[in-house]
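Colleague: Below is the sequence, then the predicted model.
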Amino acid sequence: MNLKQVPFWTSETIVTSVSIGVSVTLAIAILLANQWYSNRRERKKLTCEKIEAFYEATISYENACDQLLTDIQLMKYKRESGYYENDPFVYAQFENALTKMTMLHELYFPSADFDPKAYGIEKMSIIWAANSGEIARKTVNAEEEFSKSRQYVESSSKHLRSLCLKLMREHMV
């Protein structure tokens, strides 16, 4: 009995193997490209959400600053001794906004031009003057301190808005 030996690598098996190899390679390439685009889209979406949160925190900060100054101007929380207290809710809103901006800056936008120390409560000199009793003792010019504080709030608001706009332009979707 003489059996012809059939070679293992016939043209059919080669074509089938090449087809399978190309199909698998193409499927893996498409899967990797899809994953890369999905990750990129999600990163951009997350970045946009964080920019939006930063912008909302700046608005909250600006509103709290404005409310603190307005309350002092109206002497809304003046005690009988002449000293002044801040509205605890508005002060907490101020602190929370500043903390949130700082956190977002440190985690997501460390290269942005933001220094949390430049936005502290001590930058509004009228608040210190009112809380320490300097206004009650008339050792400071309240109108001048109020004007300086209002100018500070306006300049910091402009800076924060331009920072947010810059972040939006840098990270456009």
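Modeller: Right, received. Where do you want to start?
Colleague: what ranges of this protein fall below the confidence cut-off?
Modeller: For the chain, residues meeting the criterion pLDDT under 70 lie at 1-9, 173.
Colleague: Just want the most central residue of it.
Modeller: The centroid of the chain falls nearest to Phe54 when counting by C-alpha atoms, centre = their mean (3.0 Å).
Colleague: pretty sure that residue contacts Leu104?
Modeller: Yes. Phe54 lies in contact with Leu104 (C-beta atoms under 8 Å); the separation is 4.6 Å. C-betas here are computed from N, CA, C, even on glycine.
Colleague: And Ser38, how close does it get to Lys44?
Modeller: Applying C-beta to C-beta, to the nearest Å, the value for Ser38 to Lys44 is 11 Å.
Colleague: neighbour count winner among those two?
Modeller: Neighbour tally, Ser38 and Lys44, criterion other C-beta atoms under 10 Å: the higher count belongs to Lys44, 13 against 10.
Colleague: Quick one: list the elements packing against the host helix or strand of that one.
Modeller: Here Lys44 sits within helix 11-73, counting by DSSP states H and E. Applying 3 or more C-beta pairs under 8 Å, 6 or more residues apart in numbering; DSSP states H and E, one finds that helix 11-73 contacts helix 88-108, helix 125-132, helix 142-170.
Colleague: Indicate which one of those helices is closest to Val18.
Modeller: Nearest to Val18 among the helices and strands packed on helix 11-73 is helix 142-170 (46.6 Å), distances taken as C-beta to C-beta.
Colleague: rewinding a little: please produce TSV containing the helices and strands packed on helix 11-73, extended by distance to Ala64 and mean neighbour count.
Modeller: TSV is the format used below for the helices and strands packed on helix 11-73 (distance: least, C-beta to C-beta, whole Å; neighbours: other C-beta atoms under 10 Å):
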stretch	distance to Ala64	mean neighbour count
helix 88-108	4	16
helix 125-132	11	20
helix 142-170	10	15
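Colleague: show me what contacts the residue nearest to the centre of the chain?
Modeller: Listed by C-beta atoms under 8 Å, 6 or more residues apart in numbering, the contact set of Phe54 reads Lys100, Met101, Leu104, His105, Tyr108, Phe109, Cys164, Leu167.
Colleague: Wait, the third one touches Thr47, no?
Modeller: No. Using C-beta under 8 Å, Leu104 is not in contact with Thr47; the gap is 10.7 Å.
Colleague: Report how many residues lie close to the residue lying closest to Asn131 once chain neighbours are set aside.
Modeller: Nearest non-adjacent residue to Asn131, counting by C-beta to C-beta, 6 or more residues apart in numbering: Tyr84, 5.6 Å away. Neighbour count of Tyr84, defined by other C-beta under 10 Å: 22.
Colleague: Please state the backbone phi and psi of Tyr84?
Modeller: Dihedral pair for Tyr84: phi -120, psi 150, per degrees, to the nearest 10.
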